[in-house]
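Engineer: How does the following fold in three dimensions:
(chains A and B)
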Amino acid sequence: MAVAGAKVRAVAAEVLDAVISNGESLDTAIASHEVRISPDDRSLLRMLCYGALRRHWTLQGWVAQLLERPLQRKDRVINALLRIGLYQLNDTRIPDHAAVSQTVEAARLLRRPKLAGLINACLRRFQRDNLADISPATEEARWNHPQWLIEMFRRDWPDDWEAILCANNERAPMWLRVNSSRHDAVSYRAQLGDLAIPAETLAGVPDALRLAEPRGVDELPGFAEGDVSVQDAAAQIGARWLLGSKATRVLDACAAPGGKTGHLLEVGGEEIALTAVDSDASRVESIRGNLARIGRSATIIVADASKQSEWWDGQAFDGILLDAPCSATGVIRRHPDIKLLRRASDIERLSDLQSGLLEALWPLLLPGGRLLYATCSTLSAENEAVLGRFLASHDDAVEDDVLPNNNIRDLMRRRACGYQILPGTAGLDGFYYACLEKKVS
Amino acid sequence: MAKLKILEFPDPRLRTKATPVEVVDDNLRAFIGDMFETMYAAPGIGLAATQVDLHKRLLITDVTADKSEPHVLINPEILERDGVTISDEGCLSVPGYYEEVERAEHIRVRFIDRQGEAQEMEAEGLLAICIQHEMDHLDGKLFVDYLSEAKRQRIRKKLLKERRHQSAAVVL
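Structural biologist: Just a heads-up that it's a prediction; the model follows:
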C-alpha cells in the first residue's frame, strides 16, 4: 500500500501555484481545489498553503539557493511543491521522513515523475546544509513582506513597523460575536465551557469572545440559529460606536458580506431602520444569508453607494457606517495572499476611492448625525490622510474624537484624525475608525 | 539484500491467487528482507508477495514514518472485523492514484510470524486498512476493483500510456 498524504501535498502545490503564478486569491484557490481531497485532509491543506504564503520570501530564497537553474515555466508547480516541502521541514511538527517521502510522491501525482528525484535531493540538501540557520539575505526574506509594503509601514509607524510585520505573519485567533439580543457574552461563554470550549472576553468589546483554539462553526451551540457569529473583535467596535448616539435611520454603505450589518441589527433592535448597500450582487447574497441566520431584516440594495441617484430615496440618515473598501493590510494574518496580490499602486487608487465615497455619502447625513469611517487597513494613506483631506475641505464636518467606551482606550492608537488598532494588539485584527459629526448650521 | 521489481496494474500476474506458505525457513526470511527493502524504498507502508511476483500468502507492513513497527504476516486470516472506515488508498502497483475505499475499522487477525510461530493480533486505523489492502492482493484483488468500471478503465489506460512513454524513452 502506498503512503496517503501525497495527494494533499500535490493539491497544496497547485493552490500555491494558482496564487503565486496566476494571482488567484487564496480563498478562491482553496475553494476550487479542496473538493478533490477528503474532508479529513482539508485542515492540513490550509495549514500548508497559509504557512507557505506567510513565509513566501524566506522560502523563495531557499528555493533559489537549492535549484541550480530555474525550473521550466511548464514545471512551475514543482517550484510551489518544493516550497510546500521546505515549509513542512522548517515550520511544522510533521516528521521529516514523512514530509520528504510524501512531498516526493506528490511530484509523481503532479505528473512530473522525472522531477521527483530533484525534490528529494533539494529537501535532503536543505536538511544537510542547515540552510535554515543562514540569516536572510534581503529585508523581504527577513520580514516576509514585499519591499514596498515594508517601506510604507516603516514610514507610517516608525516605532511599531517591526511589531506590525511580525504580527502580520502570525496565525489569527478565532473571535465570536455573541448575539446580544439573545445572550450576553458571559452566559454564552458558560455554554461553551460546558462543551469544553474555552473562551475569553475582552474589556470594552462586550459581545466578543476569543476562542483558545479555532473550531468549526458546527461545534458552536446555536450557530445555525444566529446566536453567535464569527467576527474579529476589532470589527465589533463599530456598531456600538455608531449607535451610541441613538441613531435611528442608519445606512451601512459598503455592507457585504454583512457582518457589521448583522451586528448593527443585533445591537439596535427594533428601534433602527437599516439600509444596507453594496455594489457586488453576488456578495449581497451573503448579506441576505447572514441576516436570515440571525433572523433580522434590513432594506438591502445592490448599487454603488457613491451613485446616490441610482438608489437613494432622498431621506437623510442620522447614522452612516462607511466600512470602506481598502488594502486589507490590517488582516494580512488572515489573508497572507494579500502580501503577494497587492501592488504599491493599489494604495493611491484605493485612497481616491475612499475619498470619493466619503464625498458622495456626506450629503446623505442629517445635520447632527454621525458618520463612522472604518477600514481594515493599517496604512495612513487610506485612513487619517483620507480623513484629513476631507475635514480640510468640509466646513460642516468635525471629528467626534470621544471613544465609545474607555475600556478600549488601550487598544487604540490616536492618529492625527481617528484611531488605529494595530494587528495583534490583544489578539485583534488591524482596524481604523474615525467618527465625523455634521455640524448643525 | 536486493530491491525487487514491483508488478504494476494491469499486469495479469497481479490477479494470481496465492497459495499458503508451507515452510518458514532462512530462504523465505531472506526474501522477506528484500521485500522490506523494496517497500521502504518505494516508499510504501505495506507490500504483498504477489506484488513482487511470489504467489505465496505473505505480506509485510510498516505504517510508521520512522520504520519502527515492521510486521510480517504469513498465511493471514481475518477472525473478526467490525466498524466501517473510509480513506484514500494508494497502491505501489497502481502508482500515482489515490481513491476512497471502504474497509473494516478494526480487525483481529491470525497469522504465522517470521519465526514460524502462530500469532494473533488486533489492528485498527491505518494498520487495519493496510492489512486488508495487502490481503486482497493475496486473492488477486486490487483497490481499483472497488471503484467504478469507468474509473478503473481510465486508470488502466493512463498507466499503460505512461509505460509506453517510459519504454520509448529507454530506447531513445
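Engineer: all helices of the stretch 51-200 of chain A, in order?
Structural biologist: If you assign secondary structure with DSSP state H, counting those that start in this stretch, the helices in the stretch 51-200 of chain A sit at A:56-66, A:76-91, A:96-109, A:116-128, A:139-143, A:147-156, A:161-168, A:185-194.
Engineer: Which among these is found nearest to B:V84?
Structural biologist: With C-beta to C-beta as the criterion, B:V84 lies closest to helix A:96-109 of those, at 25.6 Å. In this view, the C-beta of every residue, glycine as well, is placed from N, C-alpha and C.
Engineer: a markdown table for the helices of the stretch 51-200 of chain A, including mean neighbour count, mean pLDDT and distance to B:S148?
Structural biologist: Converted to a markdown table, the helices of the stretch 51-200 of chain A look like this (neighbours: other C-beta atoms under 10 Å in any protein chain shown; pLDDT from 0 to 100; distance: least, C-beta to C-beta, whole Å):
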| stretch | mean neighbour count | mean pLDDT | distance to B:S148 |
| --- | --- | --- | --- |
| helix A:56-66 | 20 | 95 | 39 |
| helix A:76-91 | 23 | 97 | 28 |
| helix A:96-109 | 22 | 84 | 20 |
| helix A:116-128 | 17 | 92 | 29 |
| helix A:139-143 | 18 | 96 | 48 |
| helix A:147-156 | 17 | 98 | 50 |
| helix A:161-168 | 19 | 98 | 47 |
| helix A:185-194 | 15 | 96 | 44 |
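Engineer: and these as a markdown table, adding distance to B:E162?
Structural biologist: Putting the helices of the stretch 51-200 of chain A into a markdown table (distance: least, C-beta to C-beta, whole Å) gives the following:
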| stretch | distance to B:E162 |
| --- | --- |
| helix A:56-66 | 27 |
| helix A:76-91 | 18 |
| helix A:96-109 | 10 |
| helix A:116-128 | 14 |
| helix A:139-143 | 38 |
| helix A:147-156 | 44 |
| helix A:161-168 | 44 |
| helix A:185-194 | 52 |
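Engineer: For chain B, which of these is the nearest?
Structural biologist: With C-beta to the nearest C-beta as the criterion, chain B lies closest to helix A:96-109 of the helices of the stretch 51-200 of chain A, at 4.0 Å.
Engineer: In contact with residue 152, which residues?
Structural biologist: Since no chain was named, I'll use chain A. With C-beta atoms under 8 Å, 6 or more residues apart in numbering or on different chains as the criterion, the residues that contact A:M152 are A:A344, A:I347, A:L379, A:A381.
Engineer: Sorry, I should have been clearer: chain B.
Structural biologist: By C-beta under 8 Å, 6+ apart, the residues touching B:R152 are B:V144, B:D145.
Engineer: quick one: it and B:P10, what's the gap?
Structural biologist: Here the distance between B:R152 and B:P10 works out to 9 Å (C-beta to C-beta, to the nearest Å).
Engineer: What of A:R413?
Structural biologist: If you measure A:R413 against B:P10 using C-beta to C-beta, the figure is 67 Å.
Engineer: If you count surrounding residues, which of these two has more?
Structural biologist: Neighbour count, other C-beta atoms under 10 Å in any protein chain shown: between A:R413 and B:P10, B:P10 has more, with 18 against 14.
Engineer: helix or strand for that one, which one?
Structural biologist: When elements are assigned from DSSP states H and E, B:P10 belongs to no helix and no strand.
Engineer: ditto for A:V398
Structural biologist: With secondary structure defined by DSSP H and E, A:V398 is part of strand A:397-399.
Engineer: name the helices or strands packed onto that strand?
Structural biologist: Counting by 3 or more C-beta pairs under 8 Å, 6 or more residues apart in numbering or on different chains; DSSP states H and E, the packing neighbours recorded for strand A:397-399 are helix A:384-393, strand A:431-438.
Engineer: Can I get the ones you listed in JSON lines including mean pLDDT and mean neighbour count?
Structural biologist: Listed next are these as JSON lines, based on pLDDT from 0 to 100; neighbours: other C-beta atoms under 10 Å in any protein chain shown:
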{"stretch": "helix A:384-393", "mean pLDDT": "98", "mean neighbour count": "18"}
{"stretch": "strand A:431-438", "mean pLDDT": "98", "mean neighbour count": "24"}
